[in-house]
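[1] give me the fold of what follows.
(one chain, ligands or ions: 1)
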Amino acid sequence: MEFMELWYTEEHTDYVRFSIKVEKPVISVKSEFQRIDVLDTYEFGRMLVVDGWLMLTEKDEFIYHEMITHVPMAVNPEVRDVLVIGAGDGGVVRELTRYDSIERIDMVEIDKLVVDVCKEYLPQTSCKLDDPRVHIYYEDGIKFVARKNNEYDLIIVDSTDPFFGPGESLFTKEFYGNCFNALKDSGIMVNQHECPYYQDEAEYMQRAHKYIKSVFPVAKLYQAHIPTYASGHWLFGFASKGLDPIADLNPKWESLGLKTRYYNTELHKGCFALPNYVKELLEKA
Ligand code: AG3
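    Residues are numbered from 1 along each chain as shown. Take a look at the predicted model:
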């Protein structure tokens, strides 16, 4: 046994695999929606895997969670009411609770087991899920937003991928339209927008952009370097009813004095500058 090697492998394409050596499996459970695994690794610390797809690692989750949260918050640091879709690991909520201005965080996660597992095994991300401002609804995000009107300043869509499980419905035109209606006039929607590099993901991200652009007057993309996601190059969508992510960047954010490890104001301005091949993909979308 001492010679047995355990590796986690994600297929980034039919011809590309990404592997991380596993120190030990921690837990593996199945909900009515998906399979959930937690594994300890040497390089990336503990990681969360859903239906075989890597959702986060302790070592690089700060990049994803800071970028999906602080970019919109720096544009509107007055945000009071936030809706978070998915995000059962709690990473987005952890970043949001750092803002005193936020009064309410509604989190809609379809799978209670993800939250239970993360509360038990991933305190690094789940640590703020018990904050009194946080209300967790275990239901389908698409149905939840459909009932809401003019209620939120910010919606963060932290979904799984569009190619498996419950995440699929969070990449539809209907869902983005409902998000638009659920937002107030100064509302912003940010979503995880997949990887532009490999063709299959690129097609999903083109389609998502096409839908978002047809619903929101402002629809931009920004990027971050996330070592454990496909190609290491990840996109986020910034959509709003009017606020521009750079022109309306609010200098107040700096005075809040939040300590971040990835996000900063220079990077905020820079991350919206996209490589030419990505711009072309978006123009063609
Ligand atoms: N949200 C999903 C990111 C997609 C990762 N995709 C992949 N590895 N194929 C991450 C959850 C973090 N809160």
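[2] what's the neighbour count on the closest residue to D111 other than its chain neighbours?
    Leaving aside its sequence neighbours, D111 sits nearest to F33 (Cβ to Cβ, 6 or more residues apart in numbering; 4.8 Å). Just so you know, the C-beta spots here come from the backbone N, C-alpha and C atoms, and that holds for glycine as well. F33 has 16 neighbours, counted by other Cβ atoms under 10 Å.
[3] spit out the contact partners of F33.
    By Cβ atoms under 8 Å, 6 or more residues apart in numbering, F33 lies in contact with I110, D111, L113, G165, P166.
[4] tell me the pLDDT at the last one?
    Confidence at P166, expressed as pLDDT, is 76.
[5] immediately after the top helix by length along the chain, which helix or strand?
    Ranked by residue count and defined by DSSP state H, the top helix of the chain is helix 199-215. For helix 199-215, the succeeding helix or strand toward the C-terminus, using DSSP states H and E, is strand 218-225.
[6] check which helix or strand covers P245.
    Of the helices and strands defined by DSSP H and E, none includes P245.
[7] distance check, it against V92.
    Taking Cβ to Cβ, to the nearest Å as the criterion, P245 is separated from V92 by 18 Å.
[8] who has more neighbours out of the two?
    Neighbour count, other Cβ under 10 Å: between P245 and V92, V92 has more, with 28 against 23.
[9] could you look up the SS state of the more buried one?
    Classification of V92 using DSSP: H, G, I helix; E, B strand; the rest coil returns helix.
[10] contacts only, for it.
    Listed by Cβ under 8 Å, 6+ apart, the contact partners of V92 are H65, I68, T69, V84, I156, D158.
[11] tell me the phi and psi of the closest residue to N181 other than its chain neighbours?
    Spatial nearest neighbour of N181, excluding adjacent residues (Cβ to Cβ, 6+ apart): N149 at 5.6 Å. Main-chain torsions, N149, degrees, to the nearest 10: phi -140, psi 120.
[12] give me the number of residues near N149?
    Around N149 there are 12 other residues, counting by other Cβ under 10 Å.
[13] ok, it to K241 distance?
    Per Cβ to Cβ, N149 is found 13 Å from K241.
[14] ditto for R133
    R133 is 24 Å from K241, where distance means Cβ to Cβ.
[15] and the residue nearest to D111, what's its pLDDT?
    Listed pLDDT for F33 reads 93.
[16] the one 5 residues further on too?
    Model confidence at V38, expressed as pLDDT, equals 98.
[17] contacts only, for the nearest residue to it once chain neighbours are set aside.
    Nearest residue to V38, sequence neighbours excluded (Cβ to Cβ, 6+ apart): V26, at 4.2 Å. Contact analysis of V26 by Cβ under 8 Å, 6+ apart lists V38, L39, D40, R46, Y121.
[18] could you dump the helix or strand harbouring V26 to PDB, C-alpha only?
    Per DSSP H and E, V26 falls inside strand 16-30. Taking C-alpha atoms only, strand 16-30 is exported to PDB below (Å, rounded to 0.1, in the frame of the first residue of the first chain):
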ATOM      1  CA  VAL A  16      -5.600  17.000 -22.400                       C
ATOM      2  CA  ARG A  17      -5.600  15.900 -18.800                       C
ATOM      3  CA  PHE A  18      -4.700  17.800 -15.600                       C
ATOM      4  CA  SER A  19      -3.700  15.800 -12.600                       C
ATOM      5  CA  ILE A  20      -3.100  16.600  -8.900                       C
ATOM      6  CA  LYS A  21      -1.500  14.100  -6.600                       C
ATOM      7  CA  VAL A  22      -3.900  13.200  -3.800                       C
ATOM      8  CA  GLU A  23      -2.600  12.700  -0.200                       C
ATOM      9  CA  LYS A  24      -5.900  11.200   1.000                       C
ATOM     10  CA  PRO A  25      -9.600  11.100   0.100                       C
ATOM     11  CA  VAL A  26     -11.600  12.800   2.900                       C
ATOM     12  CA  ILE A  27     -15.200  12.100   2.000                       C
ATOM     13  CA  SER A  28     -17.300  11.000  -0.900                       C
ATOM     14  CA  VAL A  29     -21.100  11.300  -0.900                       C
ATOM     15  CA  LYS A  30     -23.900  11.300  -3.400                       C
END
